[in-house]
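# just need the structure, nothing else, for what follows:
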Amino acid sequence: MISIEATQTFFSGLGIAFCILSFIAVFIPSKTKFGIISLCLGNVPLWSAIVMPKSLAPVMDLFHVNQSANLFVAGCIAGAACLVLWYFVTSKIMVFIRQKFGSDSKDKTEHSESSEVSGNGEDVSENKLSDTKSESANPHLFDNLKVNDKE
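Numbers count the residues shown, from 1 in each chain. Sure thing, here's the model as predicted:
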C-alpha cells in the first residue's frame, strides 16, 4: 500500500502544475476564459491532497504507482498532461456548441438584416428607417416650456 505522504506529494504536484499552467493561460488573450476555468479546476487536486489523502491511496495502488519514484515530478507531468487533455476536450465541446447554436443565430441575423422587397418593388427596410425617424420626438417640442423662470 502506498503511503499517505506519497499520495499528498503526487496530487500536490498535479495541482501545482495544473494551476501554474492555467495561470499562464489567463494572460493569453484568446485563452483567458479557459485559463480562469482551468485555474478553478486545478484547485481540486490540491484540495484533495489536503483533505482526503487516505481515500486517494487505493486509487494510486490501482494504477500501480511506484512509491520509490519522485512523485512530485510525476505529479507535475500528470498535471501538464491533464491540462492538455482538458484543453482538447473543451475545444471540441466549444466547436460543437458553435456549430449547433451558432448556425441558428447566424440564420436569424442574416434573415433580419436582409432587405425585404414589398409588392411594388420598394425596399421595406428603407421604409422602416423613415418610420423610426418620424416616430422620434421633435427636438423643439419643449421650447415654450418655462421651467425655473425667475422673472
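# so which helix or strand takes in the residue nearest to the spatial centre of the chain?
For the chain, the residue nearest the mean C-alpha position is Lys33 (4.0 Å; C-alpha atoms, centre = their mean). For Lys33, the host element (DSSP states H and E) is helix 32-51.
# by contact count, what packs against that helix?
Helix 32-51 sits against helix 4-26, helix 71-97, with contacts defined as 3 or more C-beta pairs under 8 Å, 6 or more residues apart in numbering; DSSP states H and E. In short, each C-beta sits where N, CA and C put it, glycine included.
# any chance you could list what contacts the first one?
Helix 4-26 is contacted from outside by 31-32, 34-36, 38-39, 41-50, 53-54, 56-57, 60, 65, 67, 71-80, 82-83, using C-beta atoms under 8 Å, 6 or more residues apart in numbering.
# related to what we said a few turns ago, TSV for the helices and strands packed on helix 32-51, including mean neighbour count?
TSV is the format used below for the helices and strands packed on helix 32-51 (neighbours: other C-beta atoms under 10 Å):
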stretch	mean neighbour count
helix 4-26	20
helix 71-97	15
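# so which of these is nearest Asp143?
Minimum separation from Asp143 across the helices and strands packed on helix 32-51 (C-beta to C-beta) falls at helix 71-97, 53.8 Å.
# quick check: angle from the closest one to helix 4-26?
In terms of direction (axes from the mean of the first three to the mean of the last three C-alpha atoms, to 10 degrees), helix 71-97 departs from helix 4-26 by 40 degrees.
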